[in-house]
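**Q** Based on what follows, work out the 3D shape:
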Amino acid sequence: IGDVRVKWTRDLPSVPSSVTLLKDRSGRYWASFVVETDPADDVLPPIDGDQGIDLGLTRFAVLADGSHIASPRYLRRAEKKLKKRQRELSRKKKGSNNRDKARIKVARAHAQVADARRNFHHQWSHKLTSENQAVFAETLNVRGLARGRLAKSVHDAGWAQFVSFLEYKATRRARQFVKVARDFPSSQICSACGHRDGPKPLNVREWVCSEPTCRTRHDRDWNAGKNVRYEGRRILAATEPPTPEPGASRR
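**A** Reported below is the predicted structural model:
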């Protein structure tokens, strides 16, 4: 194949024992190195603080501390370019060299979207697992949501990939990661008093707790993020072994 230009993102931690060269559908080459690493190098010192995450479409994520992550919508932004490349491909004669070139252009355009989304997920999963000792996220029925009219937006968000990045990075850094059950009603519970206010349609973005002694006004997503954090803390406390009392005998 001749010389291949290499774009290094970091130095190798050790001399590789082997390397595998791969070529994807967009014509790009990838070098996969086998190197020796020390898992202790990835472990971060313990810190205080935890974070609950409510994932969405309008905003990619709303965190329990009130901050949010804007939705980049890479697929939506590249839709015009993708349609143009697809039209060019459909006009080429089957079996011709021009059709093969057009196919590569389509694959490359899709690869750019996927790469940008993956980089976005890596950056935020790195930040969240670095700045918090524990991270809690809701379990979403992505397959079910992708069957409806929001399918394209659901695939564009890539929630499943983001959550998997959070999980493996938390494990590598000796952080704690908890998935809250899918049926947990994070959007129905008042985070101030714990009263369950019932289901609400998606167009309701703010609501007031119906408990007469509470009446707290909530942002739907922020309230859900706080409830995810509360539930994550409860799950974490239930799974941690009890601390032995001073002077207690061990058997």
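**Q** Could you give me the buried positions within the longest helix seen in the chain?
**A** Counting residues, the longest helix found in the chain (DSSP state H) is helix 97-131. Across helix 97-131, burial judged by 16 or more other CB atoms under 10 Å covers 99, 102-107, 109-110, 113, 117, 120-121, 124-125, 128-129. C-betas here are computed from N, CA, C, even on glycine.
**Q** How about residues contacting the least confident helix or strand in the chain by mean pLDDT?
**A** The weakest-scoring helix or strand in the chain, judged by mean pLDDT, DSSP states H and E, is helix 142-145 (a mean of 78). Identification of contacts with helix 142-145 by CB atoms under 8 Å, 6 or more residues apart in numbering yields A151, V154, W159, A160.
**Q** hang on, isn't the second one packed against N141?
**A** Yep, that's V154 we're talking about. No. Assessed by CB atoms under 8 Å, V154 is found out of contact with N141, at 10.1 Å.
**Q** Who has more neighbours out of these two?
**A** V154 (19 against 10; other CB atoms under 10 Å).
**Q** Quick one: classify that one as helix, strand or coil.
**A** helix (DSSP: H, G, I helix; E, B strand; the rest coil).
**Q** That one and L12, how far apart?
**A** 37 Å (CB to CB, to the nearest Å).
**Q** again, but for D24
**A** Taking CB to CB, one finds D24 at 21 Å from L12.
**Q** Name the residues of the least confident helix or strand of the chain that come out as buried.
**A** So, applying 16+ other CB under 10 Å, buried residues of helix 142-145: V142, L145.
**Q** same question, stretch 194-210
**A** In stretch 194-210, residues buried by neighbour count (16+ other CB under 10 Å) are H195, D197, W207, C209.
**Q** The third one belongs to a strand?
**A** Yes. Secondary structure assignment (three-state DSSP) places W207 inside a strand.
**Q** Would you mind stating the distance between the residue sitting nearest the centre point of the chain and A114?
**A** A centroid search over the chain (CA atoms, centre = their mean) returns F162, at 1.7 Å, as the residue closest to the centre. Note on F162: its distance to A114, by CB to CB, is 13 Å.
**Q** Could you do Q176 as well?
**A** When Q176 is compared with A114 (using CB to CB), they lie 29 Å apart.
**Q** And for S17?
**A** Taking CB to CB, one finds S17 at 29 Å from A114.
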